[in-house]
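A.B. asks: model this:
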Amino acid sequence: MRFCQRSVFSLSRRFYVSYAQPQQKVQTYKREKPHLNVGTIGHVDHGKTTLSAAITKVLSRQKKARFVSYEDIDKGAEERARGVTINIAHIEYESDNRHYAHTDCPGHIDFIKNMITGTAQMDSAVLVIAADDGVMPQTREHLLLAKQIGLREIIVFVNKTDLVDTDVTELVEIEARELLTAYGFDGENAKIVFGSALRALADEDDKCILDLINALDGLEEPVRTENGPFLMPISSKCKITGRGSVLIGTIESGTVKKGDTLELLGQEYAQKTLIADIHVFGKSTAQSSAGEHVGLLCKNLYYDPISRGFWLTKPGTVTPTNILKVEFFMLSEADGGRRQGIRNGFQETVFCTTWNSCAKLFFDSELVMPGEHATGTLVFLNNVLIKKGAKFTLRESRQRTVGYGIVSELYKPVFIDTFKKKVFNFEKIMERAEVMTEGNVTP
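C.D. replies: Model (predicted):
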């Protein structure tokens with residue numbers, strides 16, 4: 001029981017309620033305002049976590065948030081020892097017009113995989129740039145990843161303006177607008193807020209936080225797929241002794257209600273489960289819909305194999321597979337990609353929703369060069385969870401994005417024993433592949 005309490009308490013500080021003390025009265029989550037998933041991205045030490053904490057502190061005085069300290073957001077022994085945020089953290093706040101779920105993303109380059117998971121749960125993002133540093137390598141990489149996963153609007157928060165002259169902040173603004181434009185955002189009309197997150201956290205400058213909230217309120221409402229089949233990629237889990245398993249993630253499509261039966265899918269894993277309870281930031285609710293970050297209390301699950309990357313779905317709507325037809329765009333070197341082209345059979349890691357897996361990529365042509373678009377086929381050794389229309393990112397071991405694409409067709413799974421050159425034969429595999437006609441269709 002001690003382990004359960006510690007695990008759940010750690011989770012509850014971020015986004016879930018502790019079930020370890022069921023005698024306590026649990027609040028009910030009320031949907032009174034439109035919901036938006038936002039988050040902070042940007043280079044390490046530019047002030048993302050400080051800004052997240054400052055937002056909750058300023059809004060807590062208006063009773064629109066619960067103050068979450070820097071230390072509570074920056075959890076974990078390794079994080080504290082290195083002073084670098086590694087795991088994704090989720091906090092909650094609201095304005096007069098909206099309810100926000102806020103993701104604090106890691107900026108350390110070694111943990112870009114976690115950052116991809118975090119941005120996959122955002123509708124829009126706040127790009128934090130330190131005025132005394134300007135645009136840095138991870139500023140560019142995070143912005144590129146935000147574009148790849150489909151974010152349309154970015155707000156820039158120029159932090160640490162108290163450390164530099166006005167001329168410097170003006171140069172940073174110009175640099176930020178040019179960077180946004182270069183990556184396909186509306187840099188000319190992007191909202192840029194100036195201030196000091198540290199001073200706001202010390203109760204010395206509320207204005208920059210209030211300006212940021214006003215900018216967030218001006219973002220477009222995202223289109224939700226509430227009427228489609230239920231789908232929630234799993235980002236984390238915890239176990240409640242005597243109650244069941246809590247699966248945590250952001251609902252991608254559909255609606256879930258207490259008492260629903262859903263199917264949990266993973267590699268070599270498929271199990272139906274009853275949804276016993278639904279929580280949104282520690283508050284119970286009878287149902288939840290697309291766009292909301294939730295914890296679902298599930299009954300009758302074999303807990304140990306469950307991991308980030310599993311999907312919780314409406315039964316019968318998703319069939320795992322290992323062969324995909326894709327439309328692929330290879331990044332140019334100027335956009336942070338490779339200098340050299342890639343050949344048929346290029347093997348690297350594919351990231352999609354909350355999972356990542358090694359795959360081989362084949363094209364109709366022998367070579368695809370940086371900046372080119374190509375139709376191709378992704379082949380995995382093991383089945384993955386994906387649907388038609390899904391977006392993915394291809395990254396190589398040097399922590400560099402090779403390119404990104406979209407799934408245009410799904411094939412029924414084909415057994416593949418190895419990727420070794422002497423055994424693997426792409427042509428023979430495709431002779432056995434059949435197009436999937438049911439399931440895994442974009443809602």
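A.B. asks: partners of the helix or strand harbouring residue 156, with directions?
C.D. replies: Using DSSP states H and E, residue 156 sits within strand 154-159. With DSSP bridges as the test, strand 154-159 is paired with strand 125-130 (parallel), strand 192-194 (parallel).
A.B. asks: gap between residue 281 and residue 71?
C.D. replies: 19 Å (CB to CB, to the nearest Å). Yep, even glycine has a C-beta here, placed from its N, CA and C like the rest.
A.B. asks: neighbour count winner among those two?
C.D. replies: residue 281 (22 against 11; other CB atoms under 10 Å).
A.B. asks: give me phi/psi at the more buried one?
C.D. replies: phi 50, psi 50 (degrees, to the nearest 10).
A.B. asks: average pLDDT across the strand holding residue 156?
C.D. replies: For strand 154-159, mean pLDDT rounds to 98.
A.B. asks: just the strands paired with strand 154-159: most buried one?
C.D. replies: Across these, averaging neighbours per residue (mean count of other CB atoms under 10 Å) puts strand 125-130 on top, at a mean of 25.
A.B. asks: show me which residues of the helix or strand following that one are buried.
C.D. replies: Moving toward the C-terminus from strand 125-130, the next helix or strand (DSSP H and E) is helix 137-148. Buried positions in helix 137-148, judged by neighbour count with 16 or more other CB atoms under 10 Å: 138, 139, 140, 141, 142, 143, 144, 145, 146, 147, 148.
A.B. asks: who does helix 137-148 touch, helix- and strand-wise?
C.D. replies: Helices and strands touching helix 137-148, by 3 or more CB pairs under 8 Å, 6 or more residues apart in numbering; DSSP states H and E, are strand 35-42, helix 112-119, strand 125-130, helix 166-182, strand 391-396, strand 400-410.
A.B. asks: right, and the ones you listed - which one's nearest residue 333?
C.D. replies: Among those, the nearest to residue 333 by CB to CB is strand 400-410 (10.1 Å).
A.B. asks: quick one: average confidence on the helix or strand following that closest one?
C.D. replies: Following strand 400-410 in sequence order, the next helix or strand is helix 426-432 (DSSP H and E). For helix 426-432, the mean pLDDT works out to 93.
A.B. asks: contacting residues around helix 426-432?
C.D. replies: The contact list for helix 426-432 (CB atoms under 8 Å, 6 or more residues apart in numbering) reads 323, 344, 345, 360, 362, 377, 379, 414, 416.
A.B. asks: residues in contact with stretch 191-202?
C.D. replies: 47, 50-51, 53-54, 57-58, 70, 128, 131, 155-163, 169, 173, 176-177, 204-209, 211-212, 215, 218.
A.B. asks: ends of it, what's the gap?
C.D. replies: 25 Å (CA to CA, to the nearest Å).
A.B. asks: pick out the most distant pair among the contacts of helix 426-432.
C.D. replies: 344 and 414 (17.9 Å).
A.B. asks: what's across from residue 277 in the sheet?
C.D. replies: Here residue 277, judged by DSSP bridges, has bridge partners residue 297.
A.B. asks: tell me the contacts of it?
C.D. replies: Contact analysis of residue 277 by CB under 8 Å, 6+ apart lists 258, 284, 296, 297.
A.B. asks: now do 10 Å
C.D. replies: By CB atoms under 10 Å, 6 or more residues apart in numbering, the contact list for residue 277 reads 17, 19, 26, 240, 243-244, 246, 258, 284-286, 295-299.
A.B. asks: mean confidence for stretch 198-211?
C.D. replies: On average, stretch 198-211 scores 96.
A.B. asks: from the chain's centroid, how far away is that stretch?
C.D. replies: Put simply, stretch 198-211 sits 27 Å off its chain's centre (CA atoms, centre = their mean, to the nearest Å).
A.B. asks: equivalent analysis for stretch 209-229, please.
C.D. replies: With CA atoms, centre = their mean, you get 16 Å for stretch 209-229.
A.B. asks: could you report the neighbour count for residue 231?
C.D. replies: 23.
A.B. asks: which residues in the protein form helices?
C.D. replies: 2-12, 48-60, 70-73, 77-82, 112-119, 137-148, 166-182, 197-201, 207-217, 426-432 (DSSP state H).
A.B. asks: okay, now the domains of this structure?
C.D. replies: Domains of the chain are assigned by automatic domain parsing as 32-217, 231-313, 321-432.
A.B. asks: in JSON lines, list the ones you listed along with distance to residue 224.
C.D. replies: Listed next are the domains of the chain as JSON lines, based on distance: least, CB to CB, whole Å:
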{"stretch": "domain 32-217", "distance to residue 224": "9"}
{"stretch": "domain 231-313", "distance to residue 224": "4"}
{"stretch": "domain 321-432", "distance to residue 224": "16"}
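A.B. asks: mean pLDDT lowest where, among those?
C.D. replies: Lowest mean pLDDT of these: domain 32-217, a mean of 87.
A.B. asks: give me every residue that touches the nearest residue to residue 128 once chain neighbours are set aside.
C.D. replies: Counting by CB to CB, 6 or more residues apart in numbering, the nearest residue to residue 128 once its immediate chain neighbours are dropped is residue 42, at 3.9 Å. By CB under 10 Å, 6+ apart, residue 42 lies in contact with 48, 51, 105, 107, 125-130, 133, 135-136, 138-139, 141-143, 156-157, 159.
A.B. asks: any idea how far residue 404 is from residue 393?
C.D. replies: Counting by CB to CB - residue 393 and residue 404 are separated by 5 Å.
A.B. asks: more neighbours: which of the two?
C.D. replies: Using other CB under 10 Å, the more surrounded residue of residue 393 and residue 404 is residue 404, with 25 against 20.
A.B. asks: any idea what the more buried one is bridged to?
C.D. replies: residue 329, residue 393.
A.B. asks: just confirm it contacts residue 146, I think it does.
C.D. replies: No - assessed by CB atoms under 10 Å, residue 404 is found out of contact with residue 146, at 11.7 Å.
A.B. asks: sorry, back to before: where's the residue nearest to residue 128 relative to residue 201, distance?
C.D. replies: Here residue 42 is placed at a distance of 17 Å from residue 201 (CB to CB).
A.B. asks: kindly report the same for residue 292.
C.D. replies: Taking CB to CB, one finds residue 292 at 28 Å from residue 201.
A.B. asks: what's the answer for residue 38, then?
C.D. replies: Using CB to CB, one obtains 18 Å as the distance from residue 38 to residue 201.
A.B. asks: do residue 176 as well
C.D. replies: Counting by CB to CB, the gap from residue 176 to residue 201 is 22 Å.
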